[in-house]
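A.B. asks: here is my input; please provide its structure:
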Amino acid sequence: MPSVAGRQADSSDPSHKICGCSNKPVAAALRMAEDVVDPTPQEIASVRSQLTVIEPLLNALFGETWSREPSSLKARRLAAELIEQHFDGIVAEWEQAVAQVFGVSGAEKRRENLHTSLVRFVAHLRDPDNLDTYINLRQHCQEGMLSRANPAQFNLVHIALKQKILRHVRATLRGRKQELVRDAVVAAIDELRMMVSGFYIESREAALRASEEKYRNSINHAPDPMYEIDPDTFAIIAANSAAVKLTKFTSGAENSDPVGRHIGQLTADGLCPGLVAHLKTVVEKGSAQGYDFPMAGRYFDVNSALIPFGNKRFIQVILHDVTEKREMLDELLKAERLAATGTFAAGVAHEVNNPLASISSLVQSLSSGENDPARRTTVHTILSQITRISATLKDLVDFARPSTAERRPLNLNNLITETLRLLSYNKRFSGIAIEPRLAPDLNLVFADNNEIQQVLLNLLLNAADATQGSDGQIKIVTENHRGADHHMRVVMRIIDNGIGIPREHLERVFEPFFTTKPAGAGAGLGLSLCQRIVLANRGTIRIDSEVGKGTTLKIALPAYEPDQDTRELSAAR
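C.D. replies: Sure thing, here's the model as predicted:
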């Protein structure tokens, strides 16, 4: 583009006298655009692609006036020269017209922007391959001033420019030359309007896609399972990744996509009637909350709402896993019951132990002077039963008055290996296959070594009693797990394929003195003591069993956290 800097409106030019734009010159010199356009290859390709569509359309309307033919290029140059000759006057008139719509505030900045826009517009008129004006407008539509305007304002600004330029065309040109320049200006402005409209649509579509992606990702990456449900059929029409993972867990199916399923059929054993009733309430009232819904051995709070969009609607269902919270509350209640039982047990042990010691002494004195074999056998039977009672009383005292736990960082894998080595000599494990599956990257736990080993011994001996036979198997599995509170825990599972425990007994196995073993085989304090120890070490213990298939005991202990647990160690010292 030839330099037009310094081309001041000259009152000696007759054309200026006709249009009157030089009466009050408003600029000392015509400046080039100050902000440098540095487009990317993608931006250039996008603009060229849009021009490829628009140019043939305008060519069909304006004929040879708007094409790449020499006659058209000549008309464009004539139009560019006319604008350069009347540049300051056109900018001033254009700014006044725009101010009538947008107000007078910011006039200086607006005039500068209009000035720069007209410089680029002239450059494109002279050279159709100069795309600076469109690249700049595209950038402004996406991130700058134009991104905050609306299409009507775009059009109004460009209509005002067309009117001001055409006034100068009519005032200064005549005949065929006027027609050619007029058509070139109108086609150029129409092209500009069409391009800006395209940029506006492109930027709004990009913003819409970004917004959709933002909300889609926020839902898809949410930790809680979320479903979109058809309010008429209760069929799942969409689900996030957490919901897909939950469906795979609850259904046990390899194809875990829940879309298309009935919301009540998320589990392998059929409908969840409570969930279906919950959704009916949502349809009637618009929203509902539910608590502790059981699903495949876990519990969920449910929050649902009927969401309208357009002329449609769907039910949004959000499940929040409260299994660990429920377990902690259960453990707290059990701990309170154990504390009450322990107080009672301590009193019983004290009251019984003293007279029992006297009875044992008297029986021993009788046995020393007894020569009758039958009577001597009877006395020894009495002594053995007294010993058994004493052992039970000792268990009661241990249960009622536990020693203070000395928690330290503990490698649970090493403790399991050591315990299995000790039990390898025990005849109760003869013929039983023991399979440790220990995670190599297992975190340390913060617990009392002796107490956890006592729990492990107790549970392994119980498993051995339940799996007597040639095909008995016991698995010990360890793994790291991040809880719902985001704290790391170390999980240990002891799994046997023994006789199992009836479902109706599972709620009672941790109660003191409850046992499923034959009479005389145990006092029923083993699992109660295990639970007390695990709770004292800030852990949880769960049991799951099925008759004829075996039993799984799961213990979760807090992982060692150096910052927090070191302070506890220091306080203990």
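A.B. asks: use CA for all of it now, contacts and neighbours both
C.D. replies: OK.
A.B. asks: next, the buried residues of stretch 229-240.
C.D. replies: Ile229, Asp230, Pro231, Phe234, Ala235, Ile236, Ile237, Ala238, Ala239, Asn240 (16 or more other CA atoms under 10 Å).
A.B. asks: go on, stretch 158-167?
C.D. replies: His158, Ile159, Ala160, Leu161, Lys162, Gln163, Lys164, Ile165, Leu166.
A.B. asks: of those residues, which belong to helices?
C.D. replies: His158, Ile159, Ala160, Leu161, Lys162, Gln163, Lys164, Ile165, Leu166 (DSSP state H).
A.B. asks: now do the strands in the stretch 151-300 of the chain.
C.D. replies: 226-229, 236-239, 287-295, 298-309 (DSSP state E, counting those that start in this stretch).
A.B. asks: same deal with the stretch 351-500 of the chain?
C.D. replies: Using DSSP E, counting those that start in this stretch, strands in the stretch 351-500 of the chain cover 408-410, 433-437, 445-447, 473-482, 488-496.
A.B. asks: partner strands of the fourth one and their direction?
C.D. replies: With DSSP bridges as the test, strand 473-482 is paired with strand 433-437 (parallel), strand 488-496 (antiparallel).
A.B. asks: which among those is found nearest to Ile452?
C.D. replies: Between Ile452 and these, the shortest gap by CA to CA is with strand 488-496, which sits at 11.1 Å.
A.B. asks: for the closest one, buried residues please.
C.D. replies: Buried-residue list, strand 488-496, by 16+ other CA under 10 Å: Met488, Arg489, Val490, Val491, Met492, Arg493, Ile494, Ile495, Asp496.
A.B. asks: phi first, then psi, for the nearest residue to the fourth one once chain neighbours are set aside.
C.D. replies: Spatial nearest neighbour of Val491, chain neighbours left out: Ala556 (4.4 Å); criterion: CA to CA, 6 or more residues apart in numbering. Ala556 adopts backbone torsions of phi -120, psi 120, taken as degrees, to the nearest 10.
A.B. asks: where's Ala556 relative to Ile237, distance?
C.D. replies: Ala556 sits 36 Å away from Ile237, going by CA to CA, to the nearest Å.
A.B. asks: please apply the same query to Pro308.
C.D. replies: For Pro308 relative to Ile237 (CA to CA), the value is 15 Å.
A.B. asks: can you tell me which residue is spatially central in the protein?
C.D. replies: The residue lying closest to the centre of the chain (CA atoms, centre = their mean) is Ala222, at 2.6 Å.
A.B. asks: got a pLDDT number for that one?
C.D. replies: Confidence at Ala222, expressed as pLDDT, is 89.
A.B. asks: that one touches Ala242, doesn't it?
C.D. replies: Yes: here Ala222 reaches Ala242: they are 7.2 Å apart, a contact under CA atoms under 8 Å.
A.B. asks: what is the burial count for the closest residue to Ser197 other than its chain neighbours?
C.D. replies: Nearest residue to Ser197, sequence neighbours excluded (CA to CA, 6+ apart): Pro151, at 6.6 Å. Pro151 is flanked by 14 other residues according to other CA atoms under 10 Å.
A.B. asks: is Pro151 in contact with Tyr200, as I believe?
C.D. replies: Yes: Pro151 is within contact range of Tyr200, at 7.3 Å (criterion: CA under 8 Å).
A.B. asks: give the contact list for Leu383.
C.D. replies: By CA atoms under 8 Å, 6 or more residues apart in numbering, Leu383 lies in contact with Ser360, Val363, Gln364.
A.B. asks: sorry, back to before: so how far is Arg298 from the residue nearest to the centre of the chain?
C.D. replies: 19 Å.
A.B. asks: could you do Asp321 as well?
C.D. replies: For Asp321, the distance to Arg298 - CA to CA - is 7 Å.
A.B. asks: which one's more surrounded, these two?
C.D. replies: Taking other CA under 10 Å, Asp321 and Arg298 do not tie; Asp321 has more neighbours (19 against 14).
A.B. asks: does that one touch Pro223 like I think?
C.D. replies: No: using CA under 8 Å as the test, Asp321 is too far from Pro223 to be in contact (9.7 Å).
A.B. asks: kindly report the domain assignment for the protein.
C.D. replies: 14-216, 226-321, 326-400, 408-572 (automatic domain parsing).
A.B. asks: before we move on, back to that, a markdown table please, covering the strands of the stretch 351-500 of the chain and showing mean pLDDT and distance to Arg532.
C.D. replies: Below are these laid out as a markdown table (pLDDT from 0 to 100; distance: least, CA to CA, whole Å):
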| stretch | mean pLDDT | distance to Arg532 |
| --- | --- | --- |
| strand 408-410 | 90 | 18 |
| strand 433-437 | 91 | 25 |
| strand 445-447 | 91 | 13 |
| strand 473-482 | 91 | 21 |
| strand 488-496 | 92 | 17 |
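A.B. asks: nice, that's everything, thank you.
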